[in-house]
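Asks: Requesting a structural model of the entry that follows:
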Amino acid sequence: MKKISKWFAGTTAFATLAGSAVSVAAPLAASAATKIKNPFPVTYKSSKKAIKGGVLKYAEVSDTPFVGQWVSSLSTEAIDADVEAPAAESLFWTDSQFKFKKGGPANISFNDKAKTATITLRKNLKWSNGSEVTAKDVEYEYEIVANPAYGSSRWTDSFDDIVGLQEYHAGKAKTISGITFPDGPTGKVVKIQFKEMKPGFTQSGNGYFLETAEPYDYLKNVDPKKLVSDATTTTKPLTTGPFRVKKIVPGESIAYERNPYYWGAKPKLNGVNVTIVSTAKAIASMKSHQYDVYKGLGNDQFKQAKTVKGYTITGNQALYFSALYFNLGHYDSKKSVNVTDRKTPLQKTDLRKAIGYARNTAQVLKKYNNGLSVPANTTLPPIFKNFWDSSVPGYSAAQNLKKANSLLTKAGYKWNSKKTYRIDPSTGKKLTLTYLARSGAANSEIIAQNYIQQWKKVGITVKLYKGKLTDFNTWVSMMTDPTADQNWDFTDGAWSTSSEPSQTDLFSATAPFNFGHFASKKLTSLLNATNSQKSLQTSYRVKAFKKYQKYVYNTAFVIPTSYSIDWTPSNKRIKNFTSAYGNIGTKSGNWWTTAQLVSKSTLKK
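Replies: Numbering: from 1, shown residues only. Purely as a prediction, here's the structure:
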């Protein structure tokens, strides 16, 4: 039931820190530090008889409103994927290992010799107003991504593999030559011509082609610059899923009703109501049995949540990692490229490494995340067990102040005479950096101040951006808008990643999501190697990914901080609830069509 793509994770990377100073621990082996197991069942099933109809009540736990952007290539936040799930549906179904399989709204097939992909839409696939989903609707999503006028942040050089898409992106062509319609634009078949076949093509979330469509006839008359804020994409969307929007209160709630034009099985529920619930009110709301599902609870809330009667918890290892990003340059929107040109002490690799070693990340996670988050050693989640490199030490397994001090001294940052701070040799003044720390969890301020104290121990003076925490929506705007204020030095970012291990969309020279704007020929070469023709051989790709992960560690242009378990409490009045990946376990393949309730109101025990 999970939508697989790359999104900002809407919660803070860490939960809480309530104590004072934490003792220094010796470094741990990465394989031990990053060991993570799912302690929950993946699926819950009730033996009680289901009632007819009913409305499922879904709580999205967040301290910021949802944006509610329904065009996939214009949306950037994980929270949107959650609240839109009853109505949004990807074109292709996948199995539990994220590989494409037949049976969904559309099927995709590949011809390696011809270097093509053919997408065949279901004949009865329609939008929620009854209009046909067409080949043009599939192609239109590519126009939105590639045409800079729409302002999509999804463009990366991965799309260069589609013939003619780069020319369209650069304004040198009015159409995309590599995307054609064998049965015409109103037909149900799309053919994509590639320059070369890639190893991730059979895997959802590969980044080389899109897995969604947009209603061209419904949106074509909207000014591209205004599409992101237009009612057609925010409050009055057309969708293809089991449910359709009945009413949206922007940022607060969405009421869904059955979609009478859905191609698949008729939903058993009459509707779904989704509501934003603040972090502070979530547990009290659970105790009052106000909602059936609580999505997005923080790990610091687990101990309270697990004791609430009437609920059961399912979970799965998350497609997720969090990391500390260093602001090293800027994104040139005209050339669609990241430039590593910022004048900052952070251009020194040893300083970045020292900042990573000085944080007590492991202690924070161990004490306050109930075993649901562990230190990360690479930017690749361990769920990709064939590609994740357990031998990379990382910086988050344990705090190492001795190593941090050694690196700073080596880099030329000497202590002042009283040994209260270090001096920047380029200016002769106190080494002072700005931390763009996010709000979100109850103790976010305490967490941030804790890290500031740890950095002070090794002589790095750190201040908060504008003297306070930054809310999530403002943070997202700062990360994605090249014109936003760049007077910050490092920040915590968290990702719900795609289900294909390639990290080109996150860290390539052209990736808008490359928040730190680090680019190098070596990094480009390593990323390209993981997606090359040679990587069609799994053994080669494994080696390529391990070389890439070691490079991330050695350069520390970003410092991985945590992996996580995704867990969700659901009320026992739901007949069955699953945290499984892919379209599995049901004949229809979409959980929302099979969801049922066993009582008219939430169960209290």
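
Asks: any idea how far the residue nearest to Ala358 when sequence neighbours are not counted lies from Thr555?
Replies: Distance criterion Cβ to Cβ, 6 or more residues apart in numbering; nearest residue to Ala358, sequence neighbours excluded, is Ala404 at 4.2 Å. The way it works is simple: take the backbone N, C-alpha and C, and place the C-beta from them, glycine included. To Thr555, Ala404 is 17 Å away according to Cβ to Cβ, to the nearest Å.

Asks: So the two - more neighbours on which side?
Replies: Ala404 (26 against 15; other Cβ atoms under 10 Å).

Asks: Please enumerate the helices of the stretch 151-300 of the chain.
Replies: Applying DSSP state H, counting those that start in this stretch to the stretch 151-300 of the chain gives helices spanning 165-169, 216-219, 231-234, 279-287.

Asks: tell me which element the residue nearest to Ala358 is part of?
Replies: Per DSSP states H and E, Ala404 falls inside helix 401-410.

Asks: for that helix, packing partners?
Replies: Counting by 3 or more Cβ pairs under 8 Å, 6 or more residues apart in numbering; DSSP states H and E, the packing neighbours recorded for helix 401-410 are helix 349-358.

Asks: CA atoms only for the helix it packs on - export them in CSV, please.
Replies: Below are the C-alpha coordinates for helix 349-358, written out as CSV (Å, rounded to 0.1, in the frame of the first residue of the first chain):
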residue,chain,number,x,y,z
THR,A,349,36.9,17.9,4.1
ASP,A,350,38.5,17.5,7.6
LEU,A,351,36.2,20.2,9.1
ARG,A,352,33.1,18.4,7.7
LYS,A,353,34.4,15.1,9.2
ALA,A,354,35.1,16.7,12.5
ILE,A,355,31.5,18.1,12.7
GLY,A,356,30.2,14.5,12.0
TYR,A,357,32.4,12.9,14.6
ALA,A,358,31.6,15.5,17.3
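
Asks: Stretch 358-378: end-to-end distance?
Replies: Taking Cα to Cα, to the nearest Å as the measure, stretch 358-378 stretches 17 Å from start to finish.

Asks: Would you mark the buried spots in that stretch?
Replies: 358-366, 368-370, 372-378 (16 or more other Cβ atoms under 10 Å).

Asks: Not counting residues beside it along the chain, what's closest to Lys546?
Replies: Nearest to Lys546 is Asp389, by Cβ to Cβ, 6+ apart, at 4.5 Å.

Asks: The one you found - how many residues pack around it?
Replies: When neighbours are defined as other Cβ under 10 Å, Asp389 has 21 of them.

Asks: I figured it hits Leu380, correct?
Replies: Yes. Checked against Cβ atoms under 8 Å, the pair Asp389 and Leu380 is within contact range at 7.5 Å.

Asks: Quick check: neighbours shared by those two?
Replies: Common contact partners of Asp389 and Leu380 (Cβ atoms under 8 Å, 6 or more residues apart in numbering): Phe545, Gln549.

Asks: all helices of the stretch 451-600 of the chain, in order?
Replies: Under DSSP H, counting those that start in this stretch, the stretch 451-600 of the chain gives helices at 472-480, 504-507, 521-530, 538-555, 591-594.

Asks: Pick the most buried one from the ones you listed.
Replies: Highest mean neighbour count among the helices of the stretch 451-600 of the chain (mean count of other Cβ atoms under 10 Å): helix 504-507, with a mean of 24.

Asks: Tell me which other helices or strands it touches.
Replies: By 3+ Cβ pairs under 8 Å, 6+ apart, helix 504-507 packs against helix 521-530.

Asks: Just the mean pLDDT for the helix it packs on, thanks.
Replies: Mean per-residue pLDDT for helix 521-530: 96.

Asks: Kindly report the same for stretch 51-69.
Replies: In this model, stretch 51-69 carries a mean pLDDT of 95.

Asks: for the longest strand along the chain, what is the average pLDDT?
Replies: As assigned by DSSP state E, the longest strand anywhere in the chain is strand 558-571. Strand 558-571 carries an average pLDDT of 96.

Asks: Ok, stretch 475-484 next?
Replies: The model assigns stretch 475-484 a mean pLDDT of 92.

Asks: can you list contacts of it?
Replies: For stretch 475-484, contacts defined as Cβ under 8 Å, 6+ apart pick out 8, 76-77, 153, 330-333, 436, 438, 470, 485, 488, 491, 493, 512-513, 515.

Asks: Kindly recompute the last result at 10 Å.
Replies: Contacts to stretch 475-484, defined as Cβ atoms under 10 Å, 6 or more residues apart in numbering, come from residues 8, 10, 64, 67, 76-77, 151, 153, 325, 330-334, 338, 436-440, 465, 469-471, 474, 485-486, 488, 491-493, 512-513, 515, 517.

Asks: Just the C-alpha atoms of it, please, in CSV.
Replies: Written as CSV, here are the backbone C-alpha positions of stretch 475-484 (Å, rounded to 0.1, in the frame of the first residue of the first chain):
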residue,chain,number,x,y,z
TRP,A,475,12.9,24.6,5.3
VAL,A,476,11.5,22.9,2.2
SER,A,477,11.2,26.3,0.5
MET,A,478,14.8,27.2,1.4
MET,A,479,16.1,23.8,0.1
THR,A,480,14.2,24.0,-3.3
ASP,A,481,14.2,27.7,-4.2
PRO,A,482,17.6,28.8,-5.6
THR,A,483,16.7,32.4,-4.7
ALA,A,484,16.1,31.6,-1.1
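
Asks: Show me the shaky parts of the chain.
Replies: 1-35, 584-588 (pLDDT under 70).

Asks: And Val189, how far from Pro182?
Replies: Counting by Cβ to Cβ - Val189 and Pro182 are separated by 5 Å.

Asks: between these two, who's got more neighbours?
Replies: Applying other Cβ under 10 Å to Val189 and Pro182 shows that Val189 carries more neighbours, namely 17 against 12.

Asks: so the more buried one makes contact with Glu139?
Replies: No. With contact defined as Cβ atoms under 10 Å, Val189 does not reach Glu139; the gap is 11.3 Å.

Asks: Need the residues touching each of those two.
Replies: Ile119, Thr180, Phe181.

Asks: other SSEs contacting the one helix or strand the first one maps to?
Replies: For Ile119, the host element (DSSP H and E) is strand 116-121. Strand 116-121 is packed against strand 106-111, helix 135-146, strand 179-180, strand 189-193, with contacts defined by 3 or more Cβ pairs under 10 Å, 6 or more residues apart in numbering; DSSP states H and E.

Asks: Sort out which residues of it are buried, please.
Replies: Thr116, Ala117, Ile119, Thr120, Leu121.

Asks: Out of those residues, which is nearest to Gly582?
Replies: Of all the buried residues of strand 116-121, Gly582 sits closest to Ile119, with 19.0 Å by Cβ to Cβ.

Asks: May I have the beta-bridge partners of that closest one?
Replies: Counting by DSSP bridges, Ile119 is bridged to Ile108, Val190.

Asks: so who does it touch?
Replies: Contacts of Ile119 (Cβ under 10 Å, 6+ apart): 91-92, 106-109, 135, 138-139, 179, 188-192, 209-211, 213.

Asks: circling back to that earlier point, how close does the residue nearest to Ala358 get to Arg352?
Replies: Counting by Cβ to Cβ, the gap from Ala404 to Arg352 is 11 Å.

Asks: Which neighbours do the two have in common?
Replies: Residues touching both Ala404 and Arg352 (Cβ under 10 Å, 6+ apart) are Tyr395.

Asks: residues near Thr64, how many?
Replies: Around Thr64 there are 19 residues (other Cβ under 10 Å).

Asks: for the most far-flung residue of the chain relative to its centre, phi and psi?
Replies: Taking Cα atoms, centre = their mean, the residue of the chain most remote from its mean C-alpha position is Ser417, at 45.5 Å. Reported as degrees, to the nearest 10, the phi and psi values for Ser417 are phi -60, psi -30.

Asks: What of Lys172?
Replies: Backbone torsions of Lys172, given as degrees, to the nearest 10, read phi -90, psi -10.
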